[in-house]
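Student: Predicted model follows, preceded by the sequence.
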Amino acid sequence: MINQNSILDLLNTQNTAKKAGTVSPKTETSKADTSKQITDLLSNQGIGQETGSKPSQVETDGNKPLEAVKDNLEGSRNVLKPVQHSKQLSKKQFETLDKFEEILDESFIKLKQGITPEIEKNLTQFNARSIVQIEGNRIIIDENKLDLFSYFDQELKPWKPKVNLPPYSSLTQLQLDIETTGLDPETCRVVLIGLMNERGVPLIIDCLHNEKTGLLQFLDVLNKKKPELLNTFNGFKFDLPFLIRRMEMYGIKHPFTVNMKREKCFKVAQMFGQPTIYNDIYLKIAGKDVTIIDLYHQVLAWDFVARKLTKYSLRLLS
C-alpha cells in the first residue's frame with residue numbers, strides 16, 4: 001500500500017544524491033522527471049490513473065467510469081497533502097509536488113471534457129472486464145453476458161482531411177517514355193526520349209546522333225518544368241534505371257535517387273501470379289519532391305480485381 005513515506009523517500013533520494021555529489025548536472029533528475037516517478041509510484045497502486053479505475057472498483061461498487069477516475073485522482077491528492085506539510089521537504093521538493101498537483105488537476109479537466117454523457121453511458125453499460133476472467137494461461141469468457149450484437153452507440157463526427165488536396169487535373173505533369181537500342185544500359189543506348197505535359201503537348205528529344213546532349217536536354221526540361229508528377233509506364237523497372245545508368249556513364253549529375261538497400265513489393269500488381277518487386281526511385285527538383293507514378297503498376301493492380309486484360313503492353317492499353 002502506498003503511503004507518504006514512499007514519496008518522501010523518492011524526493012529525499014534525489015536530495016541526498018545532490019549533497020553527496022554523486023549526481024552530475026547532466027544526469028540530475030529534473031522536477032518533471034521526479035513528478036513522473038511519483039505518477040508511476042501512484043499508478044502502480046491504481047491511484048491517479050487517467051484512463052480508468054481499478055478493475056475491482058468498476059465491477060464491485062458500480063461506480064460510473066468518470067466518478068471512479070475522479071476518486072482515484074482525489075486519492076492521489078489526499079496522499080500528497082500530508083507530504084506537502086512535512087517539514088522534511090526542501091523548497092525545490094515543495095515546487096516538485098506543486099507541479100505534480102497541477103498535473104493531477106489538468107488530467108481530470110481534460111478527462112472530464114473528453115467524456116460526454118453518451119460516452120459515459122456506453123462505458124457503464126458494457127464493461128469487458130465484467131465478462132472476461134484470466135486464470136493462469138486461460139482466458140474465460142462468460143457467454144451469458146456476451147452480446148454479439150452490441151455496438152458503440154456514439155455518433156462519429158464527419159471525417160475531414162487535414163490538408164486540402166489539389167485536383168489531379170491542376171497538377172503540373174510530365175509523361176515519360178524512352179526508346180533504346182536494347183535492354184542492357186551497359187551495352188545499349190538511348191535513341192529517343194518522349195515527353196508530354198498535362199495539356200497533351202509532346203516533346204521528342206533526339207539522342208540518336210548525340211546521346212549525352214539528349215540526356216542533358218532531358219534534365220534541362222525537368223529543371224524548367226518542375227513537374228509535380230512524373231508519369232511512366234514500367235519506369236521503375238526500365239526507363240528510369242536505364243536513363244540513370246546512361247547519365248552516370250557520361251558523368252552527368254542527375255536529381256534521381258535509387259533505393260538499393262530495400263526492395264519494394266506491390267502485392268496486388270501481379271504478373272503471372274507474382275507480385276511486382278522493384279527498387280524505389282525518388283526525384284527532387286529545386287528542393288521539392290516530385291511524385292513518380294508507374295502506370296504499369298496501376299494497370300496490374302486494377303486488373304487484379306477486374307480480370308479483363310490478357311496483355312499489358314503500352315500499345316494495347318493506349
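Tutor: Yep, that arrived. Numbering: from 1, shown residues only.

Student: so where's the stretch 101-250 of the chain shaky on pLDDT?
Tutor: Flagging of the stretch 101-250 of the chain using pLDDT under 70 yields the residue ranges 101-131, 145-154.

Student: what do you get if the cut-off is 90, keeping everything else the same?
Tutor: 101-166, 169 (pLDDT under 90).

Student: Okay, strands next: where are they in it?
Tutor: All strands of the stretch 101-250 of the chain, identified by DSSP state E, counting those that start in this stretch, fall at 132-135, 138-141, 173-180, 190-197, 202-206, 229-232.

Student: Ok, which of those strands comes nearest K162?
Tutor: Closest to K162 of the strands of the stretch 101-250 of the chain is strand 229-232 (Cβ to Cβ; 21.5 Å). The way it works is simple: take the backbone N, C-alpha and C, and place the C-beta from them, glycine included.

Student: Tell me who's in contact with V221.
Tutor: Going by Cβ atoms under 8 Å, 6 or more residues apart in numbering, V221 touches 174, 195, 203, 205.

Student: what about burial for the residues you listed, which qualify?
Tutor: 174, 195, 205 (16 or more other Cβ atoms under 10 Å).

Student: thinking again about what came up before, now the contacts of V221 as JSON lines including distance to R189?
Tutor: Output for the contacts of V221, formatted as JSON lines (distance: Cβ to Cβ, whole Å):
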{"residue": "L174", "distance to R189": "22"}
{"residue": "L195", "distance to R189": "18"}
{"residue": "L203", "distance to R189": "20"}
{"residue": "I205", "distance to R189": "13"}
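
Student: So which of those is the closest to P275?
Tutor: Within the contacts of V221, distances to P275 taken as Cβ to Cβ reach their minimum at L174, with 27.6 Å.

Student: pretty sure that closest one is in contact with L195, am I right?
Tutor: Yes - L174 is within contact range of L195, at 5.5 Å (criterion: Cβ atoms under 8 Å).

Student: Pull up the gap between M249 and L183, please.
Tutor: Using Cβ to Cβ, to the nearest Å, we find M249 at a distance of 16 Å from L183.

Student: So for the two, which sits in the more crowded spot?
Tutor: When M249 and L183 are compared for neighbours, M249 comes out ahead with 14 against 9, by other Cβ atoms under 10 Å.

Student: quick one: contacts for the more buried one?
Tutor: The contact partners of M249, taken as Cβ under 8 Å, 6+ apart, are P185.

Student: In this structure, which strand is the longest?
Tutor: Determined from DSSP state E, the single longest strand within the chain is strand 256-271.

Student: so what does that one touch, helix or strand wise?
Tutor: With contacts taken as 3 or more Cβ pairs under 8 Å, 6 or more residues apart in numbering; DSSP states H and E, strand 256-271 sits against helix 240-249, strand 274-285, helix 295-306.

Student: mind running it again at 6 Å?
Tutor: strand 274-285, helix 295-306 (3 or more Cβ pairs under 6 Å, 6 or more residues apart in numbering; DSSP states H and E).

Student: Just the residues contacting the first one, thanks.
Tutor: Identification of contacts with strand 274-285 by Cβ atoms under 6 Å, 6 or more residues apart in numbering yields 226, 236-237, 240, 255-260, 263-267, 269, 290, 292, 297.

Student: PyMOL command for the buried members of these?
Tutor: Only the buried entries of the contacts of strand 274-285 go into this PyMOL selection, using 16+ other Cβ under 10 Å:
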select buried, resi 236+237+240+256+266+269+290+292+297
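
Student: beta partners of P202?
Tutor: Legend: beta-bridge partners of P202 under DSSP bridges are M196.
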